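In: generate a structure from the sequence data that follows.
(3 chains)
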Amino acid sequence: MPELPEVEVVRLGLADHVLDRKIAEVEVAHPRAVRRHAEGGLDFAARLAGRTITGARRRGKYLWLDLDGGAAGDDAVLAHLGMSGQMLVADATRPDEKHLRIRFRFADDGSELRFVDQRTFGGLSVHPLVPATGGGLLPGPVAHIARDPMDPLFDLDAAVAAVRRRRTELKRALLDQTVVSGIGNIYADEALWRAKLHSLRPTEALTRAQGRAVLEAATEVMAEALRAGGTSFDALYVNVNGASGYFDRRLDAYGQADRPCRRCGTPIRRDAFMNRSSFSCPRCQPRPRHRATGGITASRGA
DNA sequence: GTAATCACCTGCAGGC
DNA sequence: TGCCTGCAGGTGATTA
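Out: Modelled structure (predicted):
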């Protein structure tokens, strides 16, 4: 599942393969892939034909391709990979993927850019760039997203304060993209394990030191994942060349149900959390005393 | 204004 | 073998 490191790997690949290339034609094979483009697929394709890609940027799990000046000024193609989205640079002669949703053909007749998405949670859309709080230009839908821990202007103390201002459970706050962006279920569990904090810990009772510890752990684990090329459990996350990352082999908590904790040997526990799963070590990460439980201990393993 | 819940969607594993 | 159910989970709309 693409989280920040996986999206960054894709962004780097796009920067290598599509920068300064002129789009000749865009084909939308599935309307759901452009559902966030309010004017529909035909308008999406029409707005991109003839434009040149001038940049590949990212905030959190969103990435976008800057376009040269159009009729209405600077704009960008915004992409969210959702659960299973892939941006593939492919030779035009290669057979189409089963879940090909959008195809970009370029004026140079070289490789194509394909948006492939099995579960259709992802999508592409075109938006004008608008001034963002804190400076810079961003596509409109990204303007409310907080800076991610790999952003050079990320303010750790401000992020800790934002987490502590919330009145919720710690993991919910970590997953809230308006508090800190880029963290998904995998890296939230890994950061909590490293910081020895339970996902249900109330944010209002979190000390500054604990807040710093969990956000620093998140930064650390995502940087390590990026160096490994991202986390892949199956064929759903790949880079632009279709290759998988290797960080899943180094996960300490996520997907490790019933396996011994690498710190203390206690079996990792799986709990239900927001219609998904949460993994933690019951010894290193004790539950807070005054929170409702209701989790499950049965596990399906990884 | 803030927090919680649910729908969206497809493929796979496991049980019967 | 085939059907059914549960699970994976990020985002945005809706509800409280």
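In: quick one, what contacts A:Asp190?
Out: Quick fix: residue A:190 is Glu, not Asp. Listed by CB atoms under 8 Å, 6 or more residues apart in numbering, the contact set of A:Glu190 reads A:Ala217, A:Ala218, A:Val221, A:Leu251, A:Asp252, A:Ala253, A:Tyr254. Where you see a C-beta, it was placed from the backbone N, CA and C, and this is true even at glycine.
In: turn those into a markdown table, including pLDDT, secondary structure and distance to A:Leu67.
Out: A markdown table is the format used below for those (pLDDT from 0 to 100; DSSP: H, G, I helix; E, B strand; the rest coil; distance: CB to CB, whole Å):
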| residue | pLDDT | secondary structure | distance to A:Leu67 |
| --- | --- | --- | --- |
| A:Ala217 | 94 | helix | 37 |
| A:Ala218 | 93 | helix | 32 |
| A:Val221 | 91 | helix | 34 |
| A:Leu251 | 87 | coil | 37 |
| A:Asp252 | 91 | coil | 41 |
| A:Ala253 | 91 | coil | 40 |
| A:Tyr254 | 89 | coil | 36 |
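In: restrict those residues to the buried ones and give me that as a ChimeraX selection.
Out: Selection of the buried residues among the contacts of A:Glu190 in ChimeraX, burial being defined by 16 or more other CB atoms under 10 Å:
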select /A:217,218,221,251,252,253,254
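In: what is the nearest of the contacts of A:Glu190 to DNA strand B?
Out: Closest approach to DNA strand B among those (CB to the nearest atom of the strand): A:Tyr254, at 16.7 Å.
In: I figured the closest one was touching A:Leu192, is that so?
Out: No: the pair A:Tyr254 and A:Leu192 fails to qualify as a contact (CB atoms under 8 Å) at a distance of 9.9 Å.
In: enumerate the residues of chain A near DNA strand C.
Out: A:1, A:3, A:36, A:60-62, A:80, A:82-83, A:119, A:121, A:141, A:175, A:177, A:184-186, A:254, A:270, A:275-277, A:300 (CB under 7 Å from any atom of the strand).
In: can you tell me which of those are in helices?
Out: With DSSP state H as the criterion, helices contain A:Leu175, A:Asn185, A:Ile186 from among the residues of chain A next to DNA strand C.
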